[in-house]
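Visitor: return atomic coordinates for the entry below.
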Amino acid sequence: MSTGYGQQMQARGRGRYGGRPYGDVIALTDAALARADLDASRTALAGWSFGGYLAGRTATLTDRFRALVSHAGMWNLESFQGDTDMHTYFRKIYGDPRTRRERYEADSPHFDAANLTTPMLIVHGGKDYRVPVGQSLALHNDLQRQGVPAKFLYFPDENHGIGAPHHLCLVYETALNFLDHHVLGEEWRRPGLL
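Guide: Have a look, this model is predicted:
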């Protein structure tokens, strides 16, 4: 969760990941689309880390976006709390899933995988211990089971943030090609670096 608007803003969504933050994204989208120069039929959403989680959660709650990009996002909060290198911190926010099931069931997107319809690009590093790659693999599997167009960009030697300059170039080129294809209707172009 971003600290860009201060601790109070960050605290609004703590322990309610799919609630207020999702509502904020939709409210901001609505406000932006009130402008006459923006086309509501050509929207996309992209996020990294918590933003990647929010992209996946959004995919289960609405089909208003033409494409989504999830980079290193959480998908199954129960398995995440046991696998992350921040398990104590996360359990402090969400509680133990054995005794606080309702919190996990309210915000874990994987419970609503049957609602997936929006094409998604998933990006993840194989050495990510903050949000282990299994989260993105499970999301990709659920997208495939639902027959949703999906691409997975995997970097075996990267961690939670993609850092190598040539890898960053590949992420941006792939994301832009994916969005051009699904939002603008352009033909898919395989990135030259692949």
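Visitor: which of the helices or strands spans the residue nearest the centre of the chain?
Guide: Among the residues of the chain, the one closest to the centroid is Gly52, at 2.3 Å (CA atoms, centre = their mean). Secondary structure assignment for Gly52, by DSSP states H and E: helix 50-61.
Visitor: each with direction, which strands does whichever helix or strand comes after that helix pair with?
Guide: As assigned by DSSP H and E, the chain's next helix or strand after helix 50-61 is strand 67-71. Using DSSP bridges, strand 67-71 pairs in its sheet with strand 44-48 (parallel), strand 120-125 (parallel).
Visitor: which among the ones you listed is found nearest to Phe65?
Guide: Set against Phe65 and scored by CB to CB, those come closest in strand 44-48, at 4.9 Å. Any C-beta I mention is one placed from the backbone N, CA and C, and that applies to glycine too.
Visitor: now the angle between helix 50-61 and that closest one, please.
Guide: On the basis of axes from the mean of the first three to the mean of the last three CA atoms, to 10 degrees, strand 44-48 is oriented at 140 degrees to helix 50-61.
Visitor: got the contact list for Lys127?
Guide: Neighbouring residues of Lys127 by CB atoms under 8 Å, 6 or more residues apart in numbering: Pro156, Asp157, Glu158, Asn159.
Visitor: wait, the last one sits on Gly125?
Guide: Yes. Counting by CB atoms under 8 Å, Asn159 does reach Gly125; the two are 5.1 Å apart.
Visitor: now for the closest residue to Tyr22 other than its chain neighbours, how many residues are close by?
Guide: If the residues on either side of it in the chain are set aside, Tyr22 comes closest to Arg57, at 5.8 Å by CB to CB, 6 or more residues apart in numbering. Residues near Arg57, counting by other CB atoms under 10 Å, number 26.
Visitor: do Arg189 as well
Guide: Using other CB under 10 Å, the number of residues around Arg189 comes to 13.
Visitor: test my guess that it contacts Asn177.
Guide: Yes. At 4.9 Å, Arg189 counts as touching Asn177 under the criterion of CB under 8 Å.
Visitor: hang on, the earlier thing: deepest of the strands paired with strand 67-71, which one?
Guide: Counting by mean count of other CB atoms under 10 Å, strand 120-125 has the highest mean neighbour count of the strands paired with strand 67-71, with a mean of 26.
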